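1. structure for the following, please:
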Amino acid sequence: MNTRFAIPQQLRGAYDAAAADWTTNHKIDRLWQKDPALWTRSGEENWLGWTDIVARQQKDLDAFTALANDVKSAGFESALLLGMGGSSLCPEVLSVTFGRQPGFPALQIVDTTDPAQIKSIRNRVDLKKSIVIVASKSGSTLEPNILKQYFFEEMRKAVGTELAGSHFIAITDPGSKMEQVAKGDGFRHIFYGDPQIGGRYSALSNFGVVAATVAGLDVARLLAEAAKAVDSAKNPLADNPAVQLGLLLGVAHNAGRNKLTFFTSPEIYDLGAWLEQLIAESTGKLGKGITPVDREPIGAPAVYGHDRVFAYVRLTDAADASQDRAVAALEDAGHPVVHIEISNLYEIFGEFFSWEIATAVAGSVMGINPFDQPDVEAAKIETRKLTTEYEQTGRLAYRKPIFAGEDLLLFASDEYAARLKSAGPGASLGTYLRDHLSQLHTGDYFAILAFLPMFAEHEAVIQAFRHRIRDMKRVATCMGFGPRFLHSTGQDYKGGPNTGVFLQLTADHEIDLPIPGQKYSFGVVIDAQAAGDLAVLESRGRRALRVHLGRDVAAGLAKLSKAVDHALQYQAIR
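-> Residues are numbered from 1 along each chain as shown. Below is the predicted model of the structure:
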């Protein structure tokens with residue numbers, strides 16, 4: 001693993017000052033001593049269990065070996081991991097990056113409440129030959145709990161009540177509600193999290209390592225790679241790329257470069273999904289924040305503003321000369337660029353730890369607590385309010401659209417609708433989108449929040465018009481599927497600076513799925529989550545427009561894409 005930093009002259013003075021401060025005041029040593037004075041003295045020392053988790057995991061290798069032998073001998077073909085945010089994003093990186101290992105089940109992540117997506121996953125697996133991992137630190141998170149209820153009932157139908165529990169594994173903190181459920185239902189195994197490790201810092205705890213074990217990865221090797229990063233992060237600053245990275249991110253944020261854009265070799269593209277959560281949830285609060293930008297294609301330097309920092313994670317054996325040249329052009333244009341090269345896939349585990357250190361250091365430079373997430377709970381509260389109301393009344397609250405046409409509906413707060421110029425008899429989908437996009441200014445970002453099935457065909461359409469907006473408006477663009485982004489970038493969108501312009505997408509449900517033991521369905525839950533998220537964005541004064549696509553998602557997206565093009569063309573000729 002090699003790291004190189006291209007720091008432009010306008011950041012060099014501030015970076016050197018921060019480096020001198022960390023050296024003179026022995027801050028690397030103080031980080032390892034868990035000194036809360038590095039941050040805000042608000043209990044940060046209670047959330048640093050991740051700093052020594054690798055050594056502790058290495059002492060438990062026998063337990064992981066036993067689990068691997070058990071899974072392999074059982075002959076499972078599929079492993080479904082039910083989780084959200086920090087409980088599921090590292091396992092997703094492993095699933096996408098490493099693929100299926102010989103003799104072990106194919107690992108698939110279930111981190112949605114969309115009924116069509118859940119049904120699609122259910123139809124692809126033979127539950128008789130499947131192991132299901134329920135990953136929930138607190139044991140009280142809505143999504144993994146209702147997913148467990150659904151898949152446990154499906155498993156009971158497939159293998160019978162007596163055997164259903166033997167197809168389940170729990171990963172949860174000691175004493176949680178999920179631990180009680182797992183014991184009561186006779187789960188095959190229960191693995192425990194560390195209460196002093198937050199979800200987004202849990203990649204090298206059991207939430208990542210158990211999933212890696214079930215998927216057949218070499219746990220001794222992955223921990224050895226992580227241990228190299230741990231040792232490196234204890235070095236003096238000159239030989240400590242993780243701390244150097246954190247200093248650069250913090251200094252750049254304070255100078256207005258607060259959009260961190262990831263580029264990777266294609267073989268490791270999903271690393272960005274994990275990095276998004278780590279960066280956004282850790283830094284997006286108190287009106288500050290580093291907004292992560294994942295899966296934007298590399299553009300010419302001209303399409304980027306002066307609010308960017310670029311991180312390029314490159315796999316040596318998959319080097320792409322054209323990609324290298326495009327990144328070099330950004331560096332030549334004076335943008336800060338972090339070059340990280342890994343020689344094999346297992347070095348990703350070192351990257352997990354290095355980025356955790358860097359994020360903690362950046363939080364110190366920014367003057368925030370990088371271990372809390374005060375705004376994630378707001379959307380959860382709104383969702384609970386709406387689902388409780390549904391249980392009492394049998395329906396979700398009605399909201400009147402500000403526009404209806406072309407089989408689509410538009411929604412916005414009264415205040416934001418008044419800011420848009422389109423209200424009146426001549427209003428159309430295109431004019432509303434035109435006026436929404438006109439709210440974007442230098443230093444802003446555009447985020448698409450899709451509460452839709454996370455299917456490749458939907459993502460392709462959204463990504464395409466996302467990138468056209470980037471090129472025309474010269475702003476950072478983000479895209480996430482709900483509800484998973486609520487446990488990731490949602491913290492920054494609500495708690496960070498008010499520089500986001502949001503386009504929320506919802507749709508009717510062609511199919512719905514009941515949740516055993518609940519009066520509401522998965523369709524009701526995701527609708528409540530979308531409504532709750534929009535309500536919180538609006539309460540924070542965010543510029544947010546919701547487009548309801550109707551029952552035919554593909555047709556609705558096609559109309560939306562065409563309307564976006566018309567809006568951009570209008571602005572181009574003004």
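
2. quick one: least confident helix or strand in the chain?
-> helix 376-393 (a mean of 86; mean pLDDT, DSSP states H and E).

3. what's the mean pLDDT across the helix or strand that comes right after that helix?
-> Sequence-wise, the next helix or strand downstream of helix 376-393 (DSSP states H and E) is strand 403-405. Taken as a whole, strand 403-405 has an average pLDDT of 93.

4. you'd agree Ile368 is up against Gly284?
-> No. Using C-beta atoms under 8 Å, Ile368 is not in contact with Gly284; the gap is 9.1 Å. Heads up, the C-betas are built off the backbone N, CA and C, glycines and all.

5. re the thing from before, now the least confident helix or strand of the chain: buried residues?
-> Val376, Ala378, Ala379, Lys380, Glu382, Thr383, Leu386, Thr387, Tyr390 (16 or more other C-beta atoms under 10 Å).

6. ok, the first one to Tyr445 distance?
-> So the one you mean is Val376. Applying C-beta to C-beta, to the nearest Å, the value for Val376 to Tyr445 is 19 Å.

7. where does the residue nearest to Met366 when sequence neighbours are not counted land on pLDDT?
-> With sequence-adjacent residues excluded and distances taken as C-beta to C-beta, 6 or more residues apart in numbering, Met366 is closest to Gly250, at 5.2 Å. pLDDT for Gly250: 98.

8. check which helices and strands the helix or strand hosting Pro144 sits against.
-> Assessed by DSSP H and E, Pro144 sits inside helix 142-159. For helix 142-159, the contact count by 3 or more C-beta pairs under 8 Å, 6 or more residues apart in numbering; DSSP states H and E identifies strand 78-82, helix 115-124, strand 130-135, helix 161-164, strand 168-172, helix 177-184, helix 376-393, helix 522-539 as packing neighbours.

9. I'd like the ones you listed as a markdown table, with distance to Arg12 appended.
-> Putting the helices and strands packed on helix 142-159 into a markdown table (distance: least, C-beta to C-beta, whole Å) gives the following:
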| stretch | distance to Arg12 |
| --- | --- |
| strand 78-82 | 44 |
| helix 115-124 | 47 |
| strand 130-135 | 43 |
| helix 161-164 | 61 |
| strand 168-172 | 44 |
| helix 177-184 | 49 |
| helix 376-393 | 35 |
| helix 522-539 | 37 |
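
10. out of those, flag the one nearest Ala318.
-> Closest of these to Ala318 is strand 78-82, at 26.0 Å (criterion: C-beta to C-beta).

11. and the closest one, how far out from the chain middle?
-> Taking the mean C-alpha point of strand 78-82 and that of its whole chain, the gap between them comes to 19 Å (C-alpha atoms, centre = their mean, to the nearest Å).

12. the inter-axis angle of that strand versus helix 142-159?
-> 150 degrees (axes from the mean of the first three to the mean of the last three C-alpha atoms, to 10 degrees).

13. tell me the strands beside strand 78-82, with direction?
-> strand 106-110 (parallel), strand 130-135 (parallel) (DSSP bridges).

14. give me whichever of these is most buried.
-> Of all these, strand 130-135 carries the top mean neighbour count, a mean of 26, counting by mean count of other C-beta atoms under 10 Å.

15. what's the angle from that strand to strand 168-172?
-> With the same axes, to 10 degrees as the basis, strand 130-135 and strand 168-172 are set at 10 degrees to each other.

16. pull the residues that contact strand 130-135.
-> 71, 74, 76-83, 87-88, 91, 105, 144, 147-148, 151-152, 155, 167-172, 178, 182, 187-188, 207, 210-211, 214 (C-beta atoms under 8 Å, 6 or more residues apart in numbering).

17. hmm, back to that, nearest to Leu223, of the buried residues of helix 376-393?
-> Leu223 has its nearest neighbour among the buried residues of helix 376-393 in Val376, at 29.3 Å by C-beta to C-beta.

18. quick one: the closest one from Gly199, how far?
-> Val376 is 10 Å from Gly199, by C-beta to C-beta.

19. got any residues that touch both of the two?
-> Jointly contacting Val376 and Gly199 under the rule C-beta under 8 Å, 6+ apart are His487.

20. all helices for the stretch 251-400 of the chain, in order.
-> For the stretch 251-400 of the chain, the helices defined by DSSP state H, counting those that start in this stretch occupy 271-283, 321-332, 348-366, 376-393.

21. rebuild those helices as a markdown table, extending it with distance to Val134.
-> Listed next are these as a markdown table, based on distance: least, C-beta to C-beta, whole Å:
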| stretch | distance to Val134 |
| --- | --- |
| helix 271-283 | 19 |
| helix 321-332 | 38 |
| helix 348-366 | 22 |
| helix 376-393 | 19 |
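
22. so which of the ones you listed gets nearest Thr24?
-> Across these, closest to Thr24 is helix 348-366 (C-beta to C-beta), at 14.5 Å.

23. OK, contacts around Val54?
-> Val54 sits next to Leu204, Leu223, Ala226, Ala227, Val230, Phe353 when contact means C-beta under 8 Å, 6+ apart.

24. and stretch 34-52, how far from the chain's centre?
-> With C-alpha atoms, centre = their mean, you get 23 Å for stretch 34-52.

25. one more: stretch 23-43?
-> With C-alpha atoms, centre = their mean, you get 27 Å for stretch 23-43.

26. stretch 68-81 too?
-> Stretch 68-81 sits 27 Å away from the centroid of its parent chain (C-alpha atoms, centre = their mean).

27. for it, buried residues please.
-> Ala68, Asp70, Val71, Lys72, Phe76, Ser78, Ala79, Leu80, Leu81.

28. end to end on it, go ahead and measure it.
-> One end of stretch 68-81 sits 16 Å from the other (C-alpha to C-alpha, to the nearest Å).

29. need the contact partners of that stretch.
-> Against stretch 68-81 from outside (C-beta under 8 Å, 6+ apart): 88, 91, 103-110, 121, 125-126, 129-133, 135, 151, 188-189, 211, 213-216, 219.
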